[in-house]
Each structure stands twice: as structure tokens, then as C-alpha cells.
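Enquirer: Build me a model:
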Amino acid sequence: NVEDYLADVVRSMQETLLDVCRDVAGECEGMSCQDIVSRFPAQMCILALQFAWTTDNEEGLIRVKSDKLSMQTCNKKALAVLNELIGMTVTDLDKLDRTNVETLITIQVHQKDICDELVRRRVRDPGDFDWQKQARFYWRDEKDTCVISICDVDFDYNYEFLGCKERLVITPLTDRCYITLSQAIGMFLGGAPAG
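Expert: A predicted model of the protein is given here:
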């Protein structure tokens, strides 16, 4: 039966991506961007960047009560990651790796902008809406899955293969769309952004 075969292919794809995501979550801490790009598929490189950024900022927000400069330190780390990615663009990369690095730069520029905003607004608590409204990526050992949180809604990562695609820049309007759509899905509604 063709439907059963295709369902097996989808299940296999999701299991494989889950295995790789588990590896990314366990190994990416402390790895350079160059090592991440050379070791993992593009989709998982994005997750590695987002896992690290979420962890750094959340820990910075927790430490800010005892260390007033913790968020500035997070901001500097986000800039260092961005500069490392930019430095990779002048190296000899094949077409796929170059697209991957360009996508990572797009994501990291947005994350750096968020860091700037958190510092500018003097956010001091992980429960602050300015932090909660961000797309935050966590690896949950107890669920053995990646969870994406936006505001008060949590989504389990679906492990659908995305390939290595170019990304459009993320603007404040994009952020508002993410918040609106995540809230609608969290209430079992839907949305149809266009434009």
C-alpha cells in the first residue's frame, strides 16, 4: 500500500531528525560555529544556534539580580557568534554551506537585535513579557524532544525535513505575526498570513 509506505518514510524522517536533534542539543554547547556547520545538517545548525541563544539569555536573565552586567555579557556573546558567522563567509564554502551560513547570519542578526532590545529595556526577569514574547527553543530531556515556546504556548518540534533554505529577514512585524499565530494555535484556532 502506497499510503503505508509513505507513512513509514515520514516516520523514518522524523525519527532520524529527532536523533540528530538530540545530538545537537547534547553536543553543541561550546562548539564553534564552524564545527556545528561542518558536523550537522542546516536545519539542525539553526536549532543549535537557537538552543544556545535561548540558554544564554535565560541564564543571563536569572543571573541579572546578582550580576548587573550579565545581559551585556549575553549581548557580547551574541555579537561574537555573529562575527564568527560573518568570518565564515570569506572562507571557501560550497554552495550549500554558504546558503546555510547566510541563513544562520539572518537568524543571528535577529537574535542580536533582541539582545540589544532586552538590554535597552533593562529586562531583569525571565518572566518579563519582552523575553516571553520571543521564540525560545529548549531541549526537554523528560519529553525527549525540542520544545518551542512563544508567550504562554509551547509547541513540540515536528521534525519535518526542511532542507537548506534561504530565510527572509525577521522584522518586528514578523515577531508580531509569530505571537499572534502561536496564540491562535494555542487556542485551537488558525491563521492565514498573506502579503
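Enquirer: what are the phi and psi values for residue 156?
Expert: With angles defined as degrees, to the nearest 10, residue 156 sits at phi -80, psi 140.
Enquirer: What separation do you get for it and residue 137?
Expert: According to C-beta to C-beta, to the nearest Å, residue 156 stands 12 Å off from residue 137. For every residue, glycine as well, the C-beta is placed using N, CA and C.
Enquirer: List the contacts of residue 98.
Expert: Residues near residue 98 by C-beta atoms under 8 Å, 6 or more residues apart in numbering: residue 89.
Enquirer: A helix includes it, no?
Expert: Yes - counting by DSSP: H, G, I helix; E, B strand; the rest coil, residue 98 is found in a helix.
Enquirer: what's near enough to touch the residue most central in space within the chain?
Expert: Note on the chain: the residue nearest the mean C-alpha position is residue 50, at 2.8 Å, using C-alpha atoms, centre = their mean. Residue 50 is in contact with 107, 111, 135, 137, counting by C-beta under 8 Å, 6+ apart.
Enquirer: got any ranges where this protein has weak pLDDT?
Expert: 195 (pLDDT under 70).
Enquirer: change it to 80
Expert: Where the chain drops to pLDDT under 80, the residues are 193-195.
Enquirer: And the helices in it, which stretches?
Expert: Listed in chain order, the helices found in the chain under DSSP state H are 2-27, 33-39, 42-63, 70-88, 95-120, 129-132, 172-186.
Enquirer: most neighbours per residue, which of these?
Expert: Across the helices of the chain, averaging neighbours per residue (mean count of other C-beta atoms under 10 Å) puts helix 42-63 on top, at a mean of 20.
Enquirer: Render the CA-only coordinates of that helix in PDB, please.
Expert: In PDB, the C-alpha atoms belonging to helix 42-63 read as follows (Å, rounded to 0.1, in the frame of the first residue of the first chain):
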ATOM      1  CA  ALA A  42      21.500  23.000   8.000                       C
ATOM      2  CA  GLN A  43      18.100  22.600   9.800                       C
ATOM      3  CA  MET A  44      19.900  21.400  12.900                       C
ATOM      4  CA  CYS A  45      22.500  24.200  12.700                       C
ATOM      5  CA  ILE A  46      19.700  26.700  13.100                       C
ATOM      6  CA  LEU A  47      18.400  24.700  16.100                       C
ATOM      7  CA  ALA A  48      21.900  24.700  17.600                       C
ATOM      8  CA  LEU A  49      22.100  28.400  17.300                       C
ATOM      9  CA  GLN A  50      18.700  28.900  18.800                       C
ATOM     10  CA  PHE A  51      19.300  26.400  21.700                       C
ATOM     11  CA  ALA A  52      22.500  28.200  22.600                       C
ATOM     12  CA  TRP A  53      20.900  31.700  22.400                       C
ATOM     13  CA  THR A  54      17.900  30.800  24.400                       C
ATOM     14  CA  THR A  55      20.000  29.200  27.200                       C
ATOM     15  CA  ASP A  56      22.500  32.100  27.300                       C
ATOM     16  CA  ASN A  57      19.800  34.700  27.600                       C
ATOM     17  CA  GLU A  58      17.600  32.800  30.000                       C
ATOM     18  CA  GLU A  59      20.700  32.200  32.300                       C
ATOM     19  CA  GLY A  60      21.600  35.900  31.900                       C
ATOM     20  CA  LEU A  61      18.200  37.000  33.000                       C
ATOM     21  CA  ILE A  62      18.300  34.700  36.000                       C
ATOM     22  CA  ARG A  63      21.800  36.000  37.000                       C
END
